[in-house]
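1. Turn this into a model:
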Amino acid sequence: MLTETRRLTRLLSHLDQVDGRTVARVEPFTLGSHFQPIYSLSHGRVVGHEALLRAHDADGRPVPPPEVFAGCRTADALALHDSLSRLVHLRNFVSQGPQAQWVFLNIHPEVFQRLALQPDGGDEYLRRVSDLFGVPGEHMVLEVLETSVTDVPAMEAAMAAVRRHGCLIAIDDFGAGQSNFDRVWRLQPDIVKLDRSLVARAAQDARAQRVVSQMVSLLHECGAMVLMEGVETVDEALLAMEADADMVQGWYFGRPQPQLVPNGHTPDTIARLYPGLGTRREQRRLQHRTHLAPYQNAIGNAGVLMSAGVSLEDAARDFLGLPGAELGYLLDGGGHQIGTHLAACVDGAPARPAFEPLAQAEGACWARRPYFRRAVEAIGKVQTTRPYRTLHGKHLCVTVSYAFHHRAPDGTRSLRVVCGDLVWNDVPTGDAA
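-> As a prediction, this is how the structure comes out:
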């Protein structure tokens, strides 16, 4: 095995200067760098750049980076090309002056895992690279494709070495392919980058937007910051804001280019997002309230009628007559369903025989559901849930509920909660509870 000094010397022998920029020459390619800025949404300024490979063949024609690595026939050839790209990026990064920013460097998982196989776990190599280019580990973020991680223990060992050097770890393209939270939980990355395809879809699909927001929340719970990459439109930028992403990257904020944007750079596109976000949220809240108001009024009236002794069938008639209303049912003070539910004929939610095992709900306990808990905490006030998957079909529903005191013929009083489900067809949720 080459010593770290000899290995680094061999790699540096491939570097050259062209028009004031560092390139690496490795037959038949010339490898260069572009940088795309990464911005913190909260700070409103640049916090780093992703270094992106720009390759050309012997005739000067551009070559897509995947083709460069696909042509590597051995592990050593892959390591050579992969390592050279990072050395080129680091030299071009530091050549532009001191940077109070991160430089994000892609590394192939196989090359990354080889760090752990070195006698010192890769510590000496990382130290020498930092010393040579004057980039402390704390300013480097190593990006690894999460879906390409096949040997998790080896990856964990390599990450330990990188962290000892002060570097941060980013998982790239999360949400594409076979992504899973188990690997994120085990690897404990500092940053998770959401894949472009996920961002583009969520910007156009309200249901996908809710999933992305929940995904961001889960990643935060895992201890990672979230970077939304591939942001190209104002709708995608607003999605990043609404989903609570920490950082953004994409053509909407800045395209890849040879030069870094200066420290402290604030793009106009971020400043323009906040007024648009406020307007968009207010419009969605208004649309949400307007859509739900008839259902809330109807279930509140049903509760008032039932507190006066009217039956569920009569009290819930107005609610079940509304378009999209699906079910009406009554719970006792412990959350147990009294009798069976009343069903309406609902457009868009046809009967699903496949869910028949769940259809009989008499005696079922819904005490853990938000529509019960919130209702009993605010007796006499209508409560509304967020959209959730119904048990009666493959669609989303929203439940409105109202708690009231029921007087029995013998004069005793007990708590009751009347509930109504309505089919939810991606009406914007605003800030609904």
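2. Please name every helix or strand in contact with the longest helix belonging to the chain.
-> Determined from DSSP state H, the single longest helix within the chain is helix 268-307. For helix 268-307, the contact count by 3 or more C-beta pairs under 8 Å, 6 or more residues apart in numbering; DSSP states H and E identifies helix 234-242, helix 312-315, helix 317-320, strand 325-332, strand 396-407, strand 413-424 as packing neighbours. For glycine as for every other residue, the C-beta is placed from the backbone atoms N, C-alpha and C.
3. now G333: how far from Q383?
-> 16 Å (C-beta to C-beta, to the nearest Å).
4. Looking at the two, which one has more neighbours?
-> Neighbour count, other C-beta atoms under 10 Å: between G333 and Q383, Q383 has more, with 23 against 15.
5. where does that one fall, phi/psi-wise?
-> Q383 has phi and psi values of phi -120, psi 150 when expressed as degrees, to the nearest 10.
6. Just want the angle from the longest helix of the chain to strand 413-424.
-> 130 degrees (axes from the mean of the first three to the mean of the last three C-alpha atoms, to 10 degrees).
7. Could I get the average pLDDT for helix 268-307?
-> The average pLDDT for helix 268-307 rounds to 90.
8. Any buried residues in that helix, and which?
-> Neighbour counts over helix 268-307 (16 or more other C-beta atoms under 10 Å) mark 270, 273, 280-281, 284, 288, 291-292, 294-296, 298-303, 305-307 as buried.
9. With mean neighbour count, mean pLDDT and distance to P98 as extra columns, can I get the helices and strands packed on helix 268-307 in a markdown table?
-> Formatted as a markdown table, those follow (neighbours: other C-beta atoms under 10 Å; pLDDT from 0 to 100; distance: least, C-beta to C-beta, whole Å):
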| stretch | mean neighbour count | mean pLDDT | distance to P98 |
| --- | --- | --- | --- |
| helix 234-242 | 21 | 92 | 29 |
| helix 312-315 | 16 | 96 | 72 |
| helix 317-320 | 20 | 96 | 66 |
| strand 325-332 | 23 | 96 | 62 |
| strand 396-407 | 22 | 95 | 51 |
| strand 413-424 | 23 | 96 | 53 |
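10. looking at those, which is closest to C167?
-> Nearest to C167, of all these, is helix 234-242, at 25.0 Å by C-beta to C-beta.
11. From the rest of the structure, what touches the closest one?
-> 41, 199-200, 202-204, 209, 212-213, 228, 230-231, 248, 250, 252-253, 269, 273-274, 276-277, 280-281 (C-beta atoms under 8 Å, 6 or more residues apart in numbering).
12. repeat that for 10 Å
-> Counting by C-beta atoms under 10 Å, 6 or more residues apart in numbering, helix 234-242 makes contact with 39, 41, 194, 196, 199-200, 202-204, 208-209, 212-213, 216, 226-231, 233, 245-253, 269-270, 272-274, 276-277, 280-281, 284, all of which sit outside it.
13. what about the helices in this protein?
-> Going by DSSP H, the chain shows helices at 4-12, 65-70, 75-94, 109-114, 123-133, 152-164, 181-187, 196-204, 206-221, 234-242, 268-307, 312-315, 317-320, 370-377.
14. Would you convert these into JSON lines that also reports distance to P357?
-> Shown next, in JSON lines, are the helices of the chain (distance: least, C-beta to C-beta, whole Å):
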{"stretch": "helix 4-12", "distance to P357": "63"}
{"stretch": "helix 65-70", "distance to P357": "48"}
{"stretch": "helix 75-94", "distance to P357": "52"}
{"stretch": "helix 109-114", "distance to P357": "44"}
{"stretch": "helix 123-133", "distance to P357": "57"}
{"stretch": "helix 152-164", "distance to P357": "38"}
{"stretch": "helix 181-187", "distance to P357": "29"}
{"stretch": "helix 196-204", "distance to P357": "32"}
{"stretch": "helix 206-221", "distance to P357": "25"}
{"stretch": "helix 234-242", "distance to P357": "37"}
{"stretch": "helix 268-307", "distance to P357": "27"}
{"stretch": "helix 312-315", "distance to P357": "24"}
{"stretch": "helix 317-320", "distance to P357": "24"}
{"stretch": "helix 370-377", "distance to P357": "22"}
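15. Which one, of those, ends up nearest to A343?
-> Between these, helix 317-320 lies closest to A343; by C-beta to C-beta that is 8.0 Å.
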